[in-house]
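S.K.: Everything below, folded, please.
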Amino acid sequence: MCLGIPGQIVAITDASRDMAMAEISGVRREVNVSCIAEGPLDGLVGAWALIHVGFAMARIDEEEAAATLEALRGLGEAQETLDAMEEGARALAEARP
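M.R.: Numbers count the residues shown, from 1 in each chain. Prediction:
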C-alpha cells in the first residue's frame, strides 16, 4: 500500500532543484516540491503537504494534516513508514563524518 504522509515544509534546501526539508512526525527528510510549487519557493516554508516517496504531492491545511496523521496512527498504517524514515535519517547521520 502506498501512503501520503502529512509533513510540514520547514526550509528550502536547494531552490534550483525544487528541494526542501520537510518534517514528518518529528523526522526531517529532504523532498522535491515541484508538484506544489506556485511562485517563489520561500512561500512554501510552513506549508503542509502530503509526502510520498520523497515528493510533496499535494498541499493540505494544518487541520487536514493533523486529522490524517491521527487517523493513520489509529490504523497503525503510518508507523512502518515513519520507522523506515527515522531509520534512514539515522543511517545518514551516522554516515556523515
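S.K.: Can you report how many residues lie near Met21?
M.R.: 17 (other CB atoms under 10 Å). From N, CA and C alone the C-beta is placed, and that goes for glycine too.
S.K.: isn't it right up against Glu30?
M.R.: Yes: judged on CB atoms under 8 Å, Met21 makes contact with Glu30 at a distance of 5.7 Å.
S.K.: Name the residues contacting each of the two.
M.R.: Listed as contacting both Met21 and Glu30 by CB atoms under 8 Å, 6 or more residues apart in numbering are Thr13.
S.K.: Name the residues of the helix or strand harbouring Glu30 that are buried.
M.R.: Assigned by DSSP states H and E, Glu30 belongs to strand 27-32. Across strand 27-32, burial judged by 16 or more other CB atoms under 10 Å covers Val27, Arg29, Val31, Asn32.
S.K.: roughly how far apart are the third one and Gly74?
M.R.: Separation of Val31 from Gly74 (CB to CB, to the nearest Å): 25 Å.
S.K.: Which strand residues bridge the residue nearest to Gly4 when sequence neighbours are not counted?
M.R.: Distances taken as CB to CB, 6 or more residues apart in numbering place Leu50 nearest to Gly4, at 3.4 Å, with adjacent residues excluded. Listed by DSSP bridges, the beta-bridge partners for Leu50 are Pro6, Ala58.
S.K.: ditto for Asn32
M.R.: Met19, Phe55.
S.K.: That one contacts Phe55, correct?
M.R.: Yes: using CB under 8 Å, Asn32 is in contact with Phe55, at 5.0 Å.
S.K.: for the protein, which helix is longest?
M.R.: helix 78-95 (DSSP state H).
S.K.: Report the angle between that one and strand 27-32.
M.R.: Put simply, helix 78-95 runs at 90 degrees to strand 27-32, going by axes from the mean of the first three to the mean of the last three CA atoms, to 10 degrees.
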